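Novice: Sequence plus the predicted model coming up.
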Amino acid sequence: MSKTRQCQRGWIFFDRTVCAEMSVVIFDMGLARAGGVCFEECAMVRHLYVHIPFCPKVCPYCSFYKEASDRNKTQAFLDAVLAEAEGEAGGLRPETVFFGGGTPSALSTAQLECLIGGLRGRIDFSGLREFTLEMNPATVSLEKARALLALGVDRVSMGVQSWDAELLKTLGRVHSGPQARRSYEILREAGVGNVNLDLIFGIPGQSRAQWEESLRATVELGPDHISAYCLTYEEDTEFFKMFVRGEAGPVPERDAEFFELAAELLEGAGYGQYEISNFARPGRECRHNLGYWRGEDYAGLGPSAFSTRGGWRRRNVADTEGYTRRVLGGLDRFESVEKIDEGARRFERVALGLRMREGVEEGILDSAGVERLVANGLAVRDGGRVALTRGGRLLADEIAVEMVG
């Protein structure tokens, strides 16, 4: 699940940048040529994201750019990513790498070896501290897990979403609960020492008992990190069509109850809620996502991938064939280029910072607003920073808008 990869308005449980209030300037695409708007003149980028769009099956709720796996496209796609990496390598010294999608594990072991080995041959990975790869339980094998470890992948994020057969069917997932459990065991058997499991709540027809059982079953396995996301109904998905037809939709009171249940149960089991949707054992917080939430620069490779550097944000074209053709043909690969003005930058810092346990520096917040939050038990002050309480996190998006002033 993402991971602040797209910019769109959402409710509190959405793990994406809130940007409805941001003011950005879209420039003529000609400015993006020759590697982007002054990207090469900025400081080294410490975070690298690689988007793998292929999926065994397209899930009806997912709005990230993806497509069904196609062996006829894969090699050209790999060549294009490596060619893009070649052009970006001079400005990259990644401390974190994150392979997302789509389903990166839909690639074969040989294809993953080709891609990761090729990136290592082009980019300086000597400072790498965390390498995450997303996996679907249906695509896990002992051979692949061991190969990933040999290639330097030290963290796996697996999309379980639910352990309930009917709810998995509703979500259009291709795996079963027992298969997900076995895939987790395979990862541990292979020696993967840092595993995240993704869960979803707010699924149509999901009961409180089912959600609690998913949480308890996950805790029982003992992963290092658990992400708990609220289902959202986003445009260009089958679930959004259901929402428009009135067949399904968010239930705010229920979703808030499920959110509070997750926080209470997971924190009680030793998983600290370091971000609204993310819980971790001490020291197992996702370094890559922390980089996003703290507003650090990052580079993105692959179709639809975002890069933010030196006050500019750009997005690669969200089309695998178009991306491949443009990159291998030496053409402009950008769908958009944005100048992030000071107002937008401040709003992002506040919106993302308030989602985190560490909060945000008080100096960039509306002082009168902070007083009201503290008086109402929605926030606390600590060492010059302001962090939301559990009750405040339920209103995080609204509070962010208010705090910018």
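Specialist: Structure's in. What do you need?
Novice: Go through this protein and flag its longest strand.
Specialist: Assignment by DSSP state E gives strand 92-101 as the longest strand of the chain.
Novice: Output the following helix or strand past that strand as PDB, restricted to C-alpha atoms.
Specialist: Following strand 92-101 in sequence order, the next helix or strand is helix 109-122 (DSSP states H and E). Taking Å, rounded to 0.1, in the frame of the first residue of the first chain, the C-alpha atoms of helix 109-122 are listed here in PDB:
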ATOM      1  CA  THR A 109      13.700 -14.100  -9.600                       C
ATOM      2  CA  ALA A 110      15.900 -13.700 -12.700                       C
ATOM      3  CA  GLN A 111      14.200 -10.400 -13.500                       C
ATOM      4  CA  LEU A 112      14.700  -9.100 -10.000                       C
ATOM      5  CA  GLU A 113      18.300 -10.100 -10.200                       C
ATOM      6  CA  CYS A 114      18.600  -8.200 -13.500                       C
ATOM      7  CA  LEU A 115      17.000  -5.100 -12.100                       C
ATOM      8  CA  ILE A 116      18.600  -4.900  -8.700                       C
ATOM      9  CA  GLY A 117      22.000  -5.900  -9.900                       C
ATOM     10  CA  GLY A 118      21.700  -3.300 -12.700                       C
ATOM     11  CA  LEU A 119      20.800  -0.600 -10.200                       C
ATOM     12  CA  ARG A 120      23.700  -1.500  -8.000                       C
ATOM     13  CA  GLY A 121      26.000  -1.300 -11.000                       C
ATOM     14  CA  ARG A 122      24.800   2.300 -11.700                       C
END
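Novice: what's the helix or strand where Leu78 lies packed up against?
Specialist: With secondary structure defined by DSSP H and E, Leu78 is part of helix 71-88. Helix 71-88 sits against helix 109-122, strand 299-301, helix 320-328, with contacts defined as 3 or more Cβ pairs under 8 Å, 6 or more residues apart in numbering; DSSP states H and E. In this view, the C-beta of every residue, glycine as well, is placed from N, C-alpha and C.
Novice: who does the next helix or strand after the last one pair up with?
Specialist: Right, the one you point to is helix 320-328. Per DSSP H and E, the first helix or strand lying C-terminal to helix 320-328 is strand 334-340. Here strand 334-340 is paired, per DSSP bridges, with strand 24-26 (antiparallel), strand 312-316 (antiparallel).
Novice: any idea which of the ones you listed scores lowest on pLDDT?
Specialist: Comparing mean pLDDT over the strands paired with strand 334-340, the weakest stretch is strand 24-26, at a mean of 31.
Novice: Can you tell me the strand partners of the helix or strand just after that one and which way each runs?
Specialist: Using DSSP H and E, the helix or strand that follows strand 24-26 in sequence is strand 45-52. Strand 45-52 pairs in its sheet with strand 92-101 (parallel), strand 299-301 (parallel), by DSSP bridges.
Novice: Give me the angle between strand 45-52 and helix 71-88.
Specialist: Comparing the axes of strand 45-52 and helix 71-88 via axes from the mean of the first three to the mean of the last three Cα atoms, to 10 degrees yields an angle of 170 degrees.
Novice: hang on, the earlier thing: which one of the helices and strands packed on helix 71-88 lies nearest to Gly177?
Specialist: Proximity of the helices and strands packed on helix 71-88 to Gly177 was assessed by Cβ to Cβ; the nearest stretch is helix 109-122, lying at 25.4 Å.
Novice: Run the angle between that closest one and strand 45-52 for me.
Specialist: Using the same axes, to 10 degrees, helix 109-122 lies at 150 degrees relative to strand 45-52.
Novice: any idea of the mean pLDDT in the helix or strand following helix 109-122?
Specialist: Using DSSP H and E, the helix or strand that follows helix 109-122 towards the C-terminus is strand 130-135. The average pLDDT for strand 130-135 rounds to 98.
Novice: Stretch 332-350 too?
Specialist: 94.
Novice: Give the buried residues for it.
Specialist: For stretch 332-350, burial by neighbour count (16 or more other Cβ atoms under 10 Å) applies to 332-335, 337-338, 340, 344, 346-350.
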